[in-house]
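**Q** Below is the sequence, then the predicted model.
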2 protein chains.
Amino acid sequence: MENDLKVWRAKRDVTQGELADEVGVSRQTINAIERGRYDPSLELAFELAAFFDCRIEDLFDYEAENE
Amino acid sequence: MENDLKVWRAKRDVTQGELADEVGVSRQTINAIERGRYDPSLELAFELAAFFDCRIEDLFDYEAENE
DNA sequence: ACACTTTGTAAAGTACACTTTACACATGAT
DNA sequence: ATCATGTGTAAAGTGTACTTTACAAAGTGT
């Protein structure tokens, strides 16, 4: 699943580490999600959407890889 | 995380098994989510929202248990 | 040149989101 | 009474979403 976390993060000018603290996960987790290594849990997706004040659907783009 | 899957399912008049087939998981998975045993993956949440033609935020209610 | 911040990555471990198979129970139809 | 359908639950297994610790590399400031 694709995402623009890096862009949203840039808009708010926060580092991976700061975002991680804000949403309650490790920096490595934010990094892994940004780099597409895995998708966040639904809970983390909610936290991220809350932080960026947007909808989950705005952050994550399902559809693409429906194999 | 709370959800009204059972209600949405009732509105569309589909069984757990039918819904499971539609979104590509096992019946037990739908049952477990409905009964609150665990939360769906983000991917499954997207599938469910697509099936019910609503937003993920309409199906799942984060907030409640923010300990 | 040295320190500091940010990002990428790795390894080993834990927890949970799934699977399959299987069985019990309730309801409704024949 | 039997059969089919829908739901709840259990056990054992797999993959992945996380963790912590740790190190390498690039960029920026002094």
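**A** Arrived safely.
**Q** Would you mind naming what in chain A lies close to chain B?
**A** A:1, A:39-43, A:45-47, A:50, A:55-57, A:60, A:62 (Cβ under 8 Å from any Cβ of the partner chain). (C-beta placed from N, C-alpha, C; glycine too.)
**Q** quick check, stretch A:20-29 touching DNA strand D?
**A** Yes. Stretch A:20-29 reaches DNA strand D (Cβ under 7 Å from any atom of the strand) through A:24-26, A:28-29.
**Q** Keep only those of these that are in helices.
**A** Among these, DSSP state H puts A:28-29 in helices.
**Q** Go through the residues of chain A next to chain B and say which is closest to A:Val7.
**A** The nearest member of the residues of chain A next to chain B to A:Val7, counting by Cβ to Cβ, is A:Phe60 at 12.6 Å.
**Q** so how many other residues sit close to that closest one?
**A** Residues near A:Phe60, counting by other Cβ atoms under 10 Å in any protein chain shown, number 23.
**Q** A:Trp8 is in contact with that one, correct?
**A** No. With contact defined as Cβ atoms under 8 Å, A:Phe60 does not count as touching A:Trp8 (10.8 Å).
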